[in-house]
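> Build me a structure from this.
(chains A and B)
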Protein chains: 2
Amino acid sequence: MTNSFAARLPQPPMKWDAWGDPESAAPLSDSMSTLIRGMLGVDAEPAAPREPADVELSPSRLTAADIDALSGIVGPEWVSADDADRLPRAGGKSTLDLLRRRRAGQDAPDAVVLPADTGEVAAILEWCSANGVAVVPFGGGTSVVGGLDPLAGPLRAVISVDLRRLDALIALDEVSGIATLGAGMTGPAAEAALAERGFSLGHFPQSFRFATIGGFAVTRSSGQASAGYGRFDDMVIDLTLVSPAGVLTVGRAQKSAAGPDLRQLIMGSEGTFGIVTAVSVRVHRLPATTGYEAWRFDSFAAAATAFRTLAQEGVMPTVLRVSDEAETALNLARPSEIGEANSDDALPAGGCLAITTFEGSPTAVAARMSVTREIFTAAGGLSGGEGPARSWEHGRFNAPYLRDALLDIGVGCETLETATVWSKVDAVKAAVTTALTSALPEPTVVMCHISHTYAAGASLYFTVVYRQEGDPIAQWSAAKTAASQAMSDAGASITHHHAVGVDHKPWLIAEDGELGIAALAAVKRVFDPAGVCNPGKLI
Amino acid sequence: MTNSFAARLPQPPMKWDAWGDPESAAPLSDSMSTLIRGMLGVDAEPAAPREPADVELSPSRLTAADIDALSGIVGPEWVSADDADRLPRAGGKSTLDLLRRRRAGQDAPDAVVLPADTGEVAAILEWCSANGVAVVPFGGGTSVVGGLDPLAGPLRAVISVDLRRLDALIALDEVSGIATLGAGMTGPAAEAALAERGFSLGHFPQSFRFATIGGFAVTRSSGQASAGYGRFDDMVIDLTLVSPAGVLTVGRAQKSAAGPDLRQLIMGSEGTFGIVTAVSVRVHRLPATTGYEAWRFDSFAAAATAFRTLAQEGVMPTVLRVSDEAETALNLARPSEIGEANSDDALPAGGCLAITTFEGSPTAVAARMSVTREIFTAAGGLSGGEGPARSWEHGRFNAPYLRDALLDIGVGCETLETATVWSKVDAVKAAVTTALTSALPEPTVVMCHISHTYAAGASLYFTVVYRQEGDPIAQWSAAKTAASQAMSDAGASITHHHAVGVDHKPWLIAEDGELGIAALAAVKRVFDPAGVCNPGKLI
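Numbers count the residues shown, from 1 in each chain, chains lettered A, B, ... in the order given. This is a model prediction of the structure:
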């Protein structure tokens, strides 16, 4: 009745207690270790590795008959109540999740089911609705907001529906530049399948190597090339939602005036309306040219002004990001070089490092670079050439691995993000920084960057590094609450691209109002009358 | 109890039986008249002008007590059951509307109410909900899909809530480039208020001179500068919906991942969830430079390929449009010159005329023009210099006046539009053209242009000119039905920017599915439990 299918999967889930691929995890470099230990006054020896055998999982509440019924839908080889399959799907990868993974006893989904197609997803949801079992959709397992917590709500059990078998490039309309992708395709799988046909999606969030197309859609993911290719919710042409009430495919054109945009209702629904099984997205031909240019600004304020002017002019780079003074000083934009001198830079020390890249035809790249150069130079920016931009690109998915190494020496590390309008950027940045430094032991390091820039505002992405004290879960929860409240009080959004899940839910009501939440709850009742879809998340 | 407030309004509604401002209406030029009469074989003398006195309006079903109650909310001077106030709000400006205005007996709202602010709008909706009276929100009165039909549904009466007193520039955040505008501001009023502060909204639909901010939002309007500044639904940062269940303001940042985007649920709701009273939109500084360039392509297919390549490259003009061969031959892009030789053109005759304009800094304009030139030249385009582009801009809001003059000589004229993906553009264009020519007498002229271009597809905007025969309402209804069915069958959206209203409602279910419509109906029940908000429209 139970079985471990890990060996049969093209890509197993991430390591159960850490980010990413165990092969890619790196110990702290000596320079990094010395820097952090000195800065925060930490002297703990690295913690011993944890083993799954040390963990006591909540026992599965499903009966043999339940497992048989699920096996009847997907085949017995794609259902498991084995601890080895349940543990890696016990949650996401927030610092809170990683701290929970260090506990002896843990909650986990009561079984893991891997459907092969939309029909099997529909049958699973039908069975769960009839049998009072909750469903947590599982893609890459990269949620950092509790979106994967195995909550049964008022129901008798909860299963993890892992979508990685829905991994096909279903269709490619080369003329329109639209690819229809299975929800379980990871970022690299999608790029590889598209590259074979000469196309690219261009969606590169930090979770890119693990996260999936369906997850990008239902969490409104935003990637590092958002300035050029848009956020994921801008890329979607149509999507298919399998809900307990039926299957719905919406979207006939990139833009339409045919009533409210149902795509924008399903995107951001985080599995609470059902499971997105396929998504059609804009893709582009692999670019002929890529231009790189790094810039140095004297201050974050000067860089923000330059970014604002550029976005309001409307001719954007493909990648556009700037680290504040603290993040630049720590060299966080290039994790492999943290704590090392910027040997390849032609720039004066200090200030703020900005990265731009430009993809497209040679004429378009030159045109876009000319606008950026004019605006950045006028705002006091100094060009640092290609080096730092190429270096950033090289290491851009590696930062999350550092957190695991830091946790092992008693150093907390987490990221938080928000979105606001330009006129509030300074106040929001200050309020969140103050909230974190007030809630955590001195000295706590708060760094910030802008990685998503719009005409009317930008995201602010914070990284906080602090000394763990007392109960690490309670310590971080208090700091996270303080930072979230500061964002909300300052009029910013509780999230720019990490979504809501469990962790941001208390602040959604301030943003959507009781009436807005009531509208979403009414939609949920239509799609999910039995309330089986990811209970306890979002609304 | 009744009174006519027309004289007290800064801008009265449009002429009751025709487009726009009576002062701007122009008789057909001799050349135009000769062309059309010869082309369609029409020899009717112009119809005599109609007078409001010739119309018998449905009598108001409201009682004196009702009028007193409404007067108690907005003041007696802002309530009217006078025919002179009801008649101009009896419907929109589709050809079907204009044909209906030529009938002796007509339905009209039972009263017209002009609230001063959000509080009065809320009180009106509360009173209507308690008293079984339907509400049709009224902005510029430019709907061409029946969105303003005075339908009471199952209720005992219907009032028109005219929002033109909500006409303030409420706030301007110059740093973020965000203006908060009253829903009743017309396009010109918004531009004038913003221009005083050095800003522009840049939303120029053909209805610009009359239509209002609230209408733009709830119908997902798209303007002629959409390539540069986006559709209206792209511009909105936040909006305030006054519903019978309460007031909701949503939107904290240009983009967010805080759940489903409620702005995109309210936009497109066409008054069925309540009344949008204020909208915050992206605005930009008045451009330093405007570049103009017209182009000639051998064929519509060649132009579409050039537009697609440009949009997929992602460096866009501000205005980007192309007329097909038929529209180019008739010179419809420049209404003042229809039927006249293109004397100022440096272009060979025939083919397809495309217009581009570029607004921004000199560097950005030059950069964007360089990309367009490279792509258009490679696609076989010939530059026609500035002349035709400036000429298009000069006459760009005047085309609707022609329709009234044509109707007066027995010539039907209407526009229809859709949105599709690039790979379907040819098939959709052919299907709609065939549907219209099959449903209408030979020879019927169907012209088409692309005025909104996206990476993955475009709008197709059709103008049809035909000889009226038999019952003109039945004749056009049959043709409109055939064209709508052709769009839907071809997989295109039933509307790119005209919205749904009554006329497109039968095809929305194919686009949103029964489940999608059920979700929208559930949202409506939350916002509008008594069902008073624009019944019979959209869902």
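> quick one, phi/psi of A:Glu293?
According to degrees, to the nearest 10, the main-chain angles of A:Glu293 amount to phi -160, psi 130.
> wait, what's in contact with it?
By C-beta atoms under 8 Å, 6 or more residues apart in numbering or on different chains, the contact set of A:Glu293 is A:Thr356, A:Thr357, A:Phe358, A:Met369, A:Thr372, A:Arg373, A:Ser383, A:Gly384, A:Gly385, A:Glu386, A:Ala389. Just so you know, the C-beta spots here come from the backbone N, C-alpha and C atoms, and that holds for glycine as well.
> Quick one: the residues you listed as a markdown table, columns for secondary structure, neighbour count and distance to A:Asp173 too.
Listed next are the contacts of A:Glu293 as a markdown table, based on DSSP: H, G, I helix; E, B strand; the rest coil; neighbours: other C-beta atoms under 10 Å in any protein chain shown; distance: C-beta to C-beta, whole Å:
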| residue | secondary structure | neighbour count | distance to A:Asp173 |
| --- | --- | --- | --- |
| A:Thr356 | strand | 27 | 31 |
| A:Thr357 | strand | 26 | 27 |
| A:Phe358 | strand | 24 | 26 |
| A:Met369 | helix | 19 | 30 |
| A:Thr372 | helix | 27 | 32 |
| A:Arg373 | helix | 16 | 36 |
| A:Ser383 | strand | 16 | 39 |
| A:Gly384 | strand | 21 | 40 |
| A:Gly385 | strand | 15 | 39 |
| A:Glu386 | coil | 15 | 35 |
| A:Ala389 | helix | 24 | 33 |
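> and those, which two are the farthest apart?
Farthest-apart pair in these is A:Phe358 and A:Gly384; separation 15.3 Å (C-beta to C-beta).
> Give me the outermost residue of chain A relative to its centroid.
Of all residues in chain A, A:Ala65 sits farthest from the chain's C-alpha centroid, using C-alpha atoms, centre = their mean; the distance is 36.3 Å.
> any idea how far it is from A:Asn131?
Relative to A:Asn131, A:Ala65 is positioned 10 Å away (C-beta to C-beta, to the nearest Å).
> Secondary structure of A:Asp404: a helix, I assume?
Yes - counting by DSSP: H, G, I helix; E, B strand; the rest coil, A:Asp404 is part of a helix.
> Look up the closest residue to it, ignoring the ones flanking it.
In this structure, A:Asp404 finds its nearest non-sequential neighbour in A:Ala18, 4.2 Å apart by C-beta to C-beta, 6 or more residues apart in numbering or on different chains.
> what about the one you found, which SS state?
What three-state DSSP gives for A:Ala18 is coil.
> Check what pLDDT it gets.
What the model reports as pLDDT for A:Ala18 is 93.
> right, and A:Asp167 touches A:Ala192 too?
No - counting by C-beta atoms under 8 Å, no contact exists between A:Asp167 and A:Ala192, whose distance comes to 10.9 Å.
> The two: which is more packed in?
Neighbours per residue, other C-beta atoms under 10 Å in any protein chain shown: of A:Asp167 and A:Ala192, the larger number sits with A:Asp167, 20 against 12.
> what's that one sitting at in phi/psi?
Dihedral pair for A:Asp167: phi -120, psi 30, per degrees, to the nearest 10.
> near chain B, which residues of the stretch 351-500 of chain A?
Residues of the stretch 351-500 of chain A found near chain B (C-beta under 8 Å from any C-beta of the partner chain) are A:360-361, A:363-364, A:367-368, A:370-371, A:374, A:418-424, A:452, A:454-457, A:491-500.
> Domain-wise, how is chain A divided?
Taking automatic domain parsing as the criterion, chain A consists of the domains A:6-162, A:169-285, A:289-394.
> Any chance of TSV for these, columns distance to B:Gly215?
Listed next are those as TSV, based on distance: least, C-beta to C-beta, whole Å:
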stretch	distance to B:Gly215
domain A:6-162	37
domain A:169-285	12
domain A:289-394	25
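> Need the single longest helix in chain A, by residues.
Of all the segments assigned as helix in chain A under DSSP state H, the longest by residue count is helix A:505-527.
> export it as PDB, just CAs?
Output of helix A:505-527 as PDB, limited to C-alpha atoms (Å, rounded to 0.1, in the frame of the first residue of the first chain):
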ATOM      1  CA  LYS A 505      -2.700  35.800   5.600                       C
ATOM      2  CA  PRO A 506      -3.300  38.100   8.600                       C
ATOM      3  CA  TRP A 507      -2.400  41.100   6.500                       C
ATOM      4  CA  LEU A 508      -4.400  40.300   3.400                       C
ATOM      5  CA  ILE A 509      -7.600  41.700   4.900                       C
ATOM      6  CA  ALA A 510      -6.000  45.100   5.200                       C
ATOM      7  CA  GLU A 511      -5.300  44.900   1.500                       C
ATOM      8  CA  ASP A 512      -8.500  43.400   0.100                       C
ATOM      9  CA  GLY A 513     -11.000  44.600   2.800                       C
ATOM     10  CA  GLU A 514     -13.600  42.300   4.400                       C
ATOM     11  CA  LEU A 515     -15.700  42.800   1.300                       C
ATOM     12  CA  GLY A 516     -12.900  41.700  -1.000                       C
ATOM     13  CA  ILE A 517     -12.200  38.600   1.100                       C
ATOM     14  CA  ALA A 518     -15.900  37.800   1.100                       C
ATOM     15  CA  ALA A 519     -15.900  38.000  -2.700                       C
ATOM     16  CA  LEU A 520     -12.900  35.600  -2.900                       C
ATOM     17  CA  ALA A 521     -14.600  33.200  -0.400                       C
ATOM     18  CA  ALA A 522     -17.800  33.200  -2.600                       C
ATOM     19  CA  VAL A 523     -15.700  32.300  -5.600                       C
ATOM     20  CA  LYS A 524     -14.000  29.500  -3.500                       C
ATOM     21  CA  ARG A 525     -17.500  28.100  -2.600                       C
ATOM     22  CA  VAL A 526     -18.300  27.900  -6.300                       C
ATOM     23  CA  PHE A 527     -15.100  26.100  -7.300                       C
END
